[in-house]
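Participant: With the input below, show me the fold.
(chains A and B)
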Amino acid sequence: MAPCNLERVYDEHAQALFAFLLNFTRSEADTRDLLQESFVKLAKQPQLLQDARDERSFLIRLAHNLAIDLMRRRGTREKNYQQFAEVGVVIFARSNDPDEQAFRAALAEALGELPPDQRAVVHLKLWEGLTFEEIATALDIPQNTAASRYRYGLDKLRERLRPLYEEIK
Amino acid sequence: MNPDFEKRLQQHPMRGLPREWRSEILAAAKDVMPHASERLSFSALFKLRLRELLWPCPQAWAGLAAVWLLLLVFNFAEGEKPSQQFGQQKPLSREVKALLKEQEQLRAELLQMSEPEPADRPRSNSRSDCRSKLQLA
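Facilitator: Now for the predicted structure:
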């Protein structure tokens, strides 16, 4: 892969990968490392992306696999990866509206309480707009599993955010 | 599923990617990138090397190539002269002619000496002849 192509890939996909990794790992430091690791891997093996049918799905899959590897490595030292996640990590853009800002903070917290598998599916469905088929491909899971994880995740979010949602609505 | 709730969630944009990460991440990626020569095919590599060689001053290389072509043309032109001269050689001297004639005679004698015997000579070493000779004896 030529350096200019690497830059193009970064400009087109890094924001989406950043958001996904930040929501998945709940750690800015890990997100930074994983994003860099993804691009280093791409630079080392340029044919990976050339063979990919859809760049975005492929990159999400790559980043997700690297994040899972990191979680497994951490798992040997940390009993629970969730314990390692940063407290109060900011995953949403700041809003000038206090109500909106409060909702975003609550939403970030509620997302943090979801199991990582559900959180990944919810993120890709809601903020990446992927279909269940695309999510299944990106996360290497059956399509039905993707759909059920989304449903469970969304139900939990709804329960958790109901008071605030009703208030704002 | 509640589409309103989903839409409500989608309205909240994710945080932006820190700008300073771009240069750091791309620099780290470029550091491990295999060199161009490792990735290119032979023909592409040849073209690249040729371009690198000629690019600094293409006029100078073009001039050099023109001089080289001129030299080549002159060389061919000069190379044809000896054959033309060969056809217009002076007649051989008498001593050389005598020597050539002597060599031809010697060659003719040698050929005569090594000529094969006539084919119609009777064969005497066949097995039947040997047997008849023995019977007569």
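Participant: got the CA positions of the one helix or strand A:Leu62 maps to in CSV?
Facilitator: If you go by DSSP states H and E, A:Leu62 is part of helix A:55-77. This file holds the C-alpha atoms of helix A:55-77, laid out as CSV (Å, rounded to 0.1, in the frame of the first residue of the first chain):
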residue,chain,number,x,y,z
GLU,A,55,-13.2,-1.4,3.4
ARG,A,56,-15.2,-0.2,6.4
SER,A,57,-16.5,-3.7,7.4
PHE,A,58,-13.0,-5.1,7.0
LEU,A,59,-11.4,-2.4,9.1
ILE,A,60,-14.0,-2.8,11.9
ARG,A,61,-13.4,-6.5,11.9
LEU,A,62,-9.6,-5.9,12.1
ALA,A,63,-10.0,-3.4,14.9
HIS,A,64,-12.5,-5.6,16.7
ASN,A,65,-10.2,-8.6,16.5
LEU,A,66,-7.3,-6.6,17.9
ALA,A,67,-9.5,-5.3,20.7
ILE,A,68,-10.5,-8.9,21.5
ASP,A,69,-6.9,-9.9,21.6
LEU,A,70,-6.1,-7.1,23.9
MET,A,71,-9.0,-8.1,26.2
ARG,A,72,-7.7,-11.7,26.3
ARG,A,73,-4.2,-10.5,27.1
ARG,A,74,-5.6,-8.3,29.8
GLY,A,75,-7.8,-11.2,31.0
THR,A,76,-4.7,-13.0,32.1
ARG,A,77,-3.8,-10.1,34.4
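Participant: Flag every buried residue along it.
Facilitator: For helix A:55-77, burial by neighbour count (16 or more other Cβ atoms under 10 Å in any protein chain shown) applies to A:56-68, A:70-71, A:74. Glycine gets a C-beta too; all of them are placed from N, C-alpha and C.
Participant: do the longest helix belonging to chain A and chain B meet at all?
Facilitator: Counting residues, the longest helix found in chain A (DSSP state H) is helix A:143-168. Yes: judged by Cβ under 8 Å from any Cβ of the partner chain, helix A:143-168 comes into contact with chain B at A:151, A:154, A:157-158, A:165.
Participant: Tell me where the chain is predicted with low confidence.
Facilitator: You didn't say which chain, so I picked chain A. A:1-4, A:76-88, A:165-169 (pLDDT under 70).
Participant: I was after chain B.
Facilitator: Across chain B, the ranges flagged by pLDDT under 70 are B:1-2, B:35-41, B:48, B:52, B:54-56, B:80-91, B:115-137.
Participant: Run through the residues of it sitting next to chain A.
Facilitator: So far as Cβ under 8 Å from any Cβ goes, chain B lies against chain A at B:1-2, B:5-6, B:8-10, B:12-17, B:21-22, B:24-26, B:28-30, B:32-34, B:39.
Participant: Could you rerun that using 7 Å?
Facilitator: Proximity of chain B to chain A (Cβ under 7 Å from any Cβ of the partner chain) is limited to residues B:1-2, B:5-6, B:8-10, B:12-17, B:21-22, B:25-26, B:28-30, B:32-33.
Participant: PyMOL command for the buried members of those?
Facilitator: Buried members of the residues of chain B next to chain A, defined by 16+ other Cβ under 10 Å, are picked up in PyMOL with:
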select buried, chain B and resi 5+6+8+9+12+14+15+17+21+25+26+29+33
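Participant: quick one: which helix or strand includes the nearest residue to A:Asp54 once chain neighbours are set aside?
Facilitator: Spatial nearest neighbour of A:Asp54, excluding adjacent residues (Cβ to Cβ, 6 or more residues apart in numbering or on different chains): A:Glu134 at 7.5 Å. Element membership of A:Glu134, judged by DSSP H and E, is helix A:132-139.
Participant: returning to that earlier point: ok, and the most crowded of the residues of helix A:143-168 next to chain B?
Facilitator: A:Leu157 (24 neighbours; other Cβ atoms under 10 Å in any protein chain shown).
Participant: residues making contact with the helix holding A:Leu62?
Facilitator: When contacts are defined by Cβ atoms under 7 Å, 6 or more residues apart in numbering or on different chains, helix A:55-77 is touched by residues A:9, A:13, A:16-17, A:20-21, A:24-25, A:30, A:34, A:37-38, A:41, A:49, A:52, A:81, A:84, A:120, A:124, A:134, A:137-140.
Participant: Which among the residues you listed count as buried?
Facilitator: Buried among the contacts of helix A:55-77 (16+ other Cβ under 10 Å): A:9, A:13, A:16-17, A:20-21, A:24-25, A:30, A:34, A:37-38, A:41, A:49, A:81, A:84, A:120, A:124, A:134, A:137-139.
Participant: List the ones among those that fall in strands.
Facilitator: Among the buried ones among the contacts of helix A:55-77, the subset assigned to strands under DSSP state E is empty.
Participant: picking that back up, tell me the one of the residues of helix A:143-168 next to chain B nearest A:Glu113?
Facilitator: Set against A:Glu113, the nearest of the residues of helix A:143-168 next to chain B by Cβ to Cβ is A:Leu157 (9.0 Å).
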